[in-house]
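# Predicted model, plus sequence, below.
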Amino acid sequence: GDRNIREAGIDLRKGHARLLSPTEVAVEGDVLRGEAVILATGVRAFIPAIPGLREAGFITNVEAVTLPALPRSLAIIGGGTIAMEFAQIFARFGVEVTVLGRNPRLLPLEEPELVDTLRDLLAQEGVRIETGVTLECVSSRRDRKRIVAHRDGRRFEVETDEILVAAGRTPQVEDLGLETAGVVYDATGIAADATLQTSAPRVWAAGDCVAGTPRFTSLADHQGRVAAHNALGGMPVRDAIETVVPTAVFTDPELGRVGLTEAA
């Protein structure tokens with residue numbers, strides 16, 4: 001990948017980049033200047049503030065696909081898309097999987113009837129699913145991790161070899177010099193208009209780091225093209241608004257949808 005990028009005549013720098021102004025970026029001691037800047041910093045796993053979780057240790061979806069060996073048991077914190085996909089992957093590898101979802105519903109954005117069907121299928125494959133759960137604390141002893149949780153006033157414990165945190169994602173906006181460049185953002189991401197321009201002149205944003213954007217690869221790809229077109233002065237200026245976005249949860253069977261759910 002890196003070689004292809006460089007052979008295409010692109011100057012690829014690896015390091016922590018920060019905006020010094022709307023047209024200047026500092027990266028590893030160098031200052032790069034450009035007529036336009038596109039921010040595409042994406043998201044990272046959101047780590048909930050559960051006492052003892054960081055000390056006990058955990059993995060995210062990033063480490064989950066590069067584990068040197070399978071754990072015998074896995075507790076998954078979260079009940080969204082990544083939680084469901086990885087619950088099934090690990091269960092099919094013979095791992096004892098427990099899903100601990102804070103929301104009373106799994107996949108709360110999807111159609112409940114379809115989610116119920118998927119939940120039953122996962123349960124048949126041996127996945128233990130607990131929803132509406134509050135996690136109190138995590139501790140570890142030798143190689144085992146212990147999660148104390150409660151639901152409806154009833155406390156229970158889960159002992160496991162490994163913990164996978166899949167409790168949503170949070171945009172990567174810290175330490176990018178956004179304030180310095182006058183780029184408005186908050187915990188939901190970087191503010192951008194329909195053309196993906198931010199509050200700073202000559203600065204655009206695309207993909208999962210943009211506030212209010214549904215987080216799908218296909219949409220990020222589309223936004224990248226729109227942002228590049230607009231940032232390079234393409235005419236006419238393009239809009240990135242997509243009202244109907246097909247989505248899929250890549251379990252087996254997949255749960256796909258386009259348009260609104262009945263509740264929406």
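Yep, it's here.

# Run through this protein and note the low-pLDDT ranges.
Counting by pLDDT under 70, the chain contains no low-confidence segment.

# what's the single longest helix in it?
helix 217-231 (DSSP state H).

# Keeping just the C-alphas, turn that one into CSV.
Taking C-alpha atoms only, helix 217-231 is exported to CSV below (Å, rounded to 0.1, in the frame of the first residue of the first chain):
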residue,chain,number,x,y,z
THR,A,217,-17.1,2.8,5.1
SER,A,218,-19.1,3.4,2.0
LEU,A,219,-20.2,6.8,3.2
ALA,A,220,-16.6,7.8,4.3
ASP,A,221,-15.5,6.8,0.8
HIS,A,222,-18.2,9.0,-0.8
GLN,A,223,-17.3,11.9,1.5
GLY,A,224,-13.6,11.6,0.7
ARG,A,225,-14.4,12.0,-3.0
VAL,A,226,-16.7,15.0,-2.3
ALA,A,227,-14.2,16.7,0.0
ALA,A,228,-11.3,16.2,-2.4
HIS,A,229,-13.4,17.7,-5.3
ASN,A,230,-14.4,20.7,-3.3
ALA,A,231,-11.0,21.2,-1.6
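
# Buried residues in it, which are they?
Of all the residues in helix 217-231, those buried under the rule 16 or more other CB atoms under 10 Å are 219, 220, 222, 223, 224, 226, 227, 228, 229, 230, 231. C-beta coordinates here come from the backbone N, C-alpha and C atoms, glycine included.

# what's downstream of that helix, the next helix or strand?
Note on helix 217-231: by DSSP states H and E, the next helix or strand toward the C-terminus is strand 247-249.

# Next SSE downstream of that next one?
strand 255-257.

# Is the most centrally placed residue in the chain bridged to anything, and to what?
By CA atoms, centre = their mean, the chain has its centre lying nearest to residue 169, at 3.8 Å. Residue 169 has the following beta-bridge partners by DSSP bridges: residue 45.

# swap in residue 146?
Judged by DSSP bridges, the bridge partners of residue 146 are residue 139, residue 159.

# contacting residues around it?
Residue 146 makes contact with 138, 139, 140, 157, 158, 159, 160, according to CB atoms under 8 Å, 6 or more residues apart in numbering.

# circling back: how about JSON lines for the buried residues of helix 217-231, with distance to residue 152 added?
Converted to JSON lines, the buried residues of helix 217-231 look like this (distance: CB to CB, whole Å):
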{"residue": "219", "distance to residue 152": "37"}
{"residue": "220", "distance to residue 152": "39"}
{"residue": "222", "distance to residue 152": "43"}
{"residue": "223", "distance to residue 152": "42"}
{"residue": "224", "distance to residue 152": "45"}
{"residue": "226", "distance to residue 152": "47"}
{"residue": "227", "distance to residue 152": "47"}
{"residue": "228", "distance to residue 152": "51"}
{"residue": "229", "distance to residue 152": "52"}
{"residue": "230", "distance to residue 152": "51"}
{"residue": "231", "distance to residue 152": "52"}
